[in-house]
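Undergrad: fold the following for me, if possible:
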Amino acid sequence: MDRSQRNPSFPFALVATSLSMSFYQEPSYYEKTILSELQGAWKLLRDAVVTEHETKDCSQLLFHIDEAMSWESVRNIEHMKNTLVLIQSIAQQVNISDETTELMEDVRDILYETLEEIKNGSVL
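TA: Alright, predicted model coming up:
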């Protein structure tokens with residue numbers, strides 16, 4: 001006995017229903033959040049380190065900056081904070097420029113502001 005004889009409903013018949021489908025509409029406005037500010041600060045820092053990499057070996061620093069910017073770090077901001085401490089230590093050893101140091105301080109300030117907003121429940 002073949003399959004269609006054992007189960008009369010085989011092959012399955014598709015039944016059209018009158019369910020209305022709604023499609024996700026892209027919002028026409030965007031609210032800048034602290035997380036987008038944090039992402040922007042990391043991007044500026046990374047760009048500055050890439051520029052410095054032309055004269056110094058900053059490969060280890062770039063690796064950890066990329067780690068800090070990863071989705072895993074965004075989902076676990078405490079991990080990002082720990083990675084930033086490591087980045088600051090490596091940056092001291094590499095002796096990065098004052099401009100790059102200022103960008104790192106910007107990341108730190110925005111990161112701590114983000115942590116505070118998360119703690120207060122106004123983010124995520």
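Undergrad: buried sites along the helix or strand hosting residue 118?
TA: Per DSSP states H and E: residue 118 is located in helix 98-120. Buried residues in helix 98-120, defined by neighbour count with 16 or more other CB atoms under 10 Å: 100, 101, 103, 104, 106, 107, 108, 110, 111, 114, 115. Placement of C-beta: from N, CA and C, glycine included.
Undergrad: so residue 96 makes contact with residue 52?
TA: Yes. At 5.9 Å, residue 96 counts as touching residue 52 under the criterion of CB atoms under 8 Å.
Undergrad: which residues do the two both contact?
TA: The contact sets of residue 96 and residue 52 overlap at residue 58 (CB atoms under 8 Å, 6 or more residues apart in numbering).
Undergrad: for residue 87, give me its contacts.
TA: With CB under 8 Å, 6+ apart, residue 87 has these contacts: 61, 64, 65, 68, 104.
Undergrad: closest to residue 92 among the buried residues of helix 98-120?
TA: residue 101 (9.0 Å; CB to CB).
Undergrad: so what's the closest one closest to, chain neighbours aside?
TA: residue 91 (7.0 Å; CB to CB, 6 or more residues apart in numbering).
Undergrad: go through the helix or strand that contains that neighbour and flag the buried ones.
TA: Using DSSP H and E, residue 91 sits in helix 77-94. Across helix 77-94, burial judged by 16+ other CB under 10 Å covers 77, 80, 81, 83, 84, 87, 88, 90, 91, 94.
Undergrad: where in the protein is pLDDT low?
TA: Applying pLDDT under 70 to the chain flags residues 1-21, 26-32, 123-124.
Undergrad: rewinding a little: quick one: the helix holding residue 91 to helix 98-120, angle?
TA: Helix 77-94 and helix 98-120 are oriented at 160 degrees to each other (axes from the mean of the first three to the mean of the last three CA atoms, to 10 degrees).
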